[in-house]
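K.L.:
structure here, sequence nowhere to be found:
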Ligand SMILES: NC(=O)c1ccc[n+]([C@@H]2O[C@H](COP(=O)([O-])OP(=O)(O)OC[C@H]3O[C@@H](n4cnc5c(N)ncnc54)[C@H](O)[C@@H]3O)[C@@H](O)[C@H]2O)c1
Ligand SMILES: O=c1ccn([C@@H]2O[C@H](COP(=O)(O)OP(=O)(O)O[C@H]3O[C@H](CO)[C@@H](O)[C@H](O)[C@H]3O)[C@@H](O)[C@H]2O)c(=O)[nH]1
């Protein structure tokens with residue numbers, strides 16, 4: 001198996017991927033600037049470098065030192081709402097970050113990359129579930145930046161034979177079932193952790209962003225995929241790149257949609273607690289419905305998601321949040 005560099009391996013999804021890659025017997029190197037990630041989340045068997053992927057000298061040093069053979073790229077800014085308010089942050093961190101990475105990969109003749117893309121590349125879909133052939137019309141700068149990054153990889157494949165698997169994630173949720181690692185963002189903006197923070201009395205209530213969308217209960221519908229199923233697909237994608245010559249764009253979702261209100265009701269059931277909410281204005285940049293077709297992931301990668309029911313997703317997240325109410329920070333007395 002090839003030596004893997006994981007960019008953003010101290011983040012929520014990256015840390016679960018690193019643990020899984022190490023379990024699979026791989027030699028793993030992690031680069032992260034710890035801006036939203038946590039050193040405590042990085043598996044102790046991984047070699048860790050603190051630094052920014054936009055720093056070409058630093059990144060070249062890591063490639064030189066570690067003889068990297070494959071790359072998994074999670075390092076990005078990824079908040080839909082923030083990207084609408086501050087698009088330049090997204091073009092700088094995401095697009096410039098990708099440019100630097102591809103330059104260094106080209107310089108060191110590294111030809112295989114698995115990339116964290118997003119359902120936000122589609123924008124408001126014309127059809128549900130969304131397949132990979134659907135048109136891409138991002139509704140926010142975050143999705144636009146990820147689409148630009150995909151196109152950069154496409155042209156590098158064309159010119160330098162650099163092969164990629166771009167994985168378009170839908171809404172990632174859940175945590176390691178033993179609650180050793182989980183989601184810890186500061187500030188938190190994602191729906192499920194926010195709901196669970198209300199249960200933990202860290203927030204007064206959930207603000208539901210809009211109940212006038214064209215959906216059965218008026219709230220937005222999303223496709224929640226368990227982080228462990230998601231990281232499984234990354235291992236399959238690395239294996240795919242070792243054996244195949246064709247780059248791929250592949251959706252990763254459960255193929256089931258839940259509205260904000262439905263997720264809230266499920267969380268009330270799983271935690272056994274009442275959860276207060278109000279209805280607030282819509283958040284800019286939010287499409288009404290995002291649900292994946294995951295047929296291609298199953299066919300091309302042989303993906304077999306197993307933590308698919310919403311109860312498992314919520315209960316693993318709840319176990320993490322209830323045992324780590326302050327994330328990776330030590331308890332303050
Ligand atoms: N969470 C989701 O539901 C979701 C959905 C679709 C796509 N994604 C994508 O998955 C990836 C990981 O998401 P996450 O939720 O784990 O986010 P995260 O913020 O927890 O992780 C990102 C990690 O990358 C690091 N990082 C960011 N910019 C960097 C830079 N310039 N140099 C070095 N390190 C840098 C951060 O410190 C952090 O550890 C992102 O690319 C995101 O766009 C996430
Ligand atoms: O306090 C909150 C937070 C969220 N929502 C709603 O809940 C849904 C999910 O929101 P959120 O958890 O913030 O995720 P998304 O904005 O759907 O984005 C996630 O999922 C995308 C793919 O679908 C990824 O690209 C992004 O990186 C990832 O953050 C949306 O309709 C939000 O409007 C609320 O109503 N109240």
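P.N.:
Noted; the coordinates are in hand. All of these numbers come straight from a predicted model, not from anything done at the bench. Numbers count the residues shown, from 1 in each chain. Ligands and ions are numbered 1, 2, ... in the order given.

K.L.:
hey, let's count contacts and neighbours off CA atoms from now on
P.N.:
Noted.

K.L.:
for the helix or strand harbouring residue 168, name the packing helices and strands.
P.N.:
Secondary structure from DSSP states H and E places residue 168 in strand 163-169. The contact analysis (3 or more C-alpha pairs under 8 Å, 6 or more residues apart in numbering; DSSP states H and E) places strand 163-169 against strand 112-118, helix 141-160, helix 227-243, strand 248-252.

K.L.:
next one: the second one, is it in contact with ligand 2?
P.N.:
No. For helix 141-160, no contact with ligand 2 is found by C-alpha under 6 Å from any ligand atom; the gap never falls below 6.8 Å.

K.L.:
how far out from the middle of the chain is that helix?
P.N.:
17 Å (C-alpha atoms, centre = their mean, to the nearest Å).

K.L.:
is ligand 1 contacted by it?
P.N.:
No. Judged by C-alpha under 6 Å from any ligand atom, helix 141-160 stays clear of ligand 1, getting no closer than 7.5 Å.

K.L.:
contacts for the worst-scoring helix or strand of the chain on mean pLDDT next, please.
P.N.:
One helix or strand of the chain scores below all others by mean pLDDT, DSSP states H and E: helix 80-85, with a mean of 93. With contacts defined as C-alpha atoms under 8 Å, 6 or more residues apart in numbering, helix 80-85 is touched by 89-90, 140-143, 283-286.

K.L.:
which among these count as buried?
P.N.:
Using 16 or more other C-alpha atoms under 10 Å as the burial test, these include 90, 140-143, 285-286 as buried.

K.L.:
just put these in TSV and tack on pLDDT.
P.N.:
Supplementary listing: the buried ones among the contacts of helix 80-85 in TSV, determined by pLDDT from 0 to 100:
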residue	pLDDT
90	98
140	93
141	97
142	97
143	97
285	86
286	91
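
K.L.:
now do the same contact list for the closest residue to residue 120 other than its chain neighbours.
P.N.:
In space, and not counting its chain neighbours, residue 120 is closest to residue 143: 4.5 Å by C-alpha to C-alpha, 6 or more residues apart in numbering. Residue 143 makes contacts with 80, 118-123, as judged by C-alpha under 8 Å, 6+ apart.

K.L.:
burial measure for residue 229, as a count.
P.N.:
Residue 229 has 20 neighbours, counted by other C-alpha atoms under 10 Å.

K.L.:
on the pLDDT front, check it for me.
P.N.:
Here, the pLDDT recorded for residue 229 equals 98.

K.L.:
check residue 145 too.
P.N.:
For residue 145, pLDDT reads 98.

K.L.:
now the one 10 residues further on
P.N.:
Residue 155 is assigned 98 on the pLDDT scale.

K.L.:
for residue 60, grab phi and psi.
P.N.:
Residue 60 adopts backbone torsions of phi -60, psi -40, taken as degrees, to the nearest 10.

K.L.:
could you measure from it over to ligand 1?
P.N.:
Distance, residue 60 to ligand 1, by C-alpha to the nearest ligand atom, to the nearest Å: 13 Å.

K.L.:
I'd guessed that residue sits against residue 106; true?
P.N.:
No. Counting by C-alpha atoms under 8 Å, residue 60 sits too far from residue 106 to count as a contact (10.7 Å).

K.L.:
care to break this protein down by domain?
P.N.:
Domains of the chain are assigned by the TED database as 3-173+224-252, 191-222+255-323.

K.L.:
any idea which of those is most buried?
P.N.:
Among the domains of the chain, the stretch with the highest mean neighbour count (mean count of other C-alpha atoms under 10 Å) is domain 3-173+224-252, at a mean of 20.

K.L.:
which two of the buried ones among the contacts of helix 80-85 have the greatest separation?
P.N.:
Spatial extent of the buried ones among the contacts of helix 80-85 (C-alpha to C-alpha) is set by the pair 90 and 286 at 16.7 Å.

K.L.:
spatially nearest residue to residue 218 (excluding sequence neighbours)?
P.N.:
Leaving out its chain neighbours, the residue that sits closest to residue 218 by C-alpha to C-alpha, 6+ apart is residue 211, at 4.2 Å.

K.L.:
one more: residue 11?
P.N.:
In space, residue 11 is closest to residue 37, 4.1 Å off (C-alpha to C-alpha, 6+ apart).

K.L.:
picking that back up, next secondary structure after the strand holding residue 168?
P.N.:
Criterion used, DSSP H and E; the element after strand 163-169 is strand 171-173.

K.L.:
strands paired with that next one, and their directions?
P.N.:
Note on strand 171-173: by DSSP bridges, its sheet partners are strand 224-226 (parallel).

K.L.:
about what we covered before: and the residue nearest to residue 218, that one's in a helix?
P.N.:
No. Per DSSP: H, G, I helix; E, B strand; the rest coil, residue 211 lies outside any helix segment and is coil.
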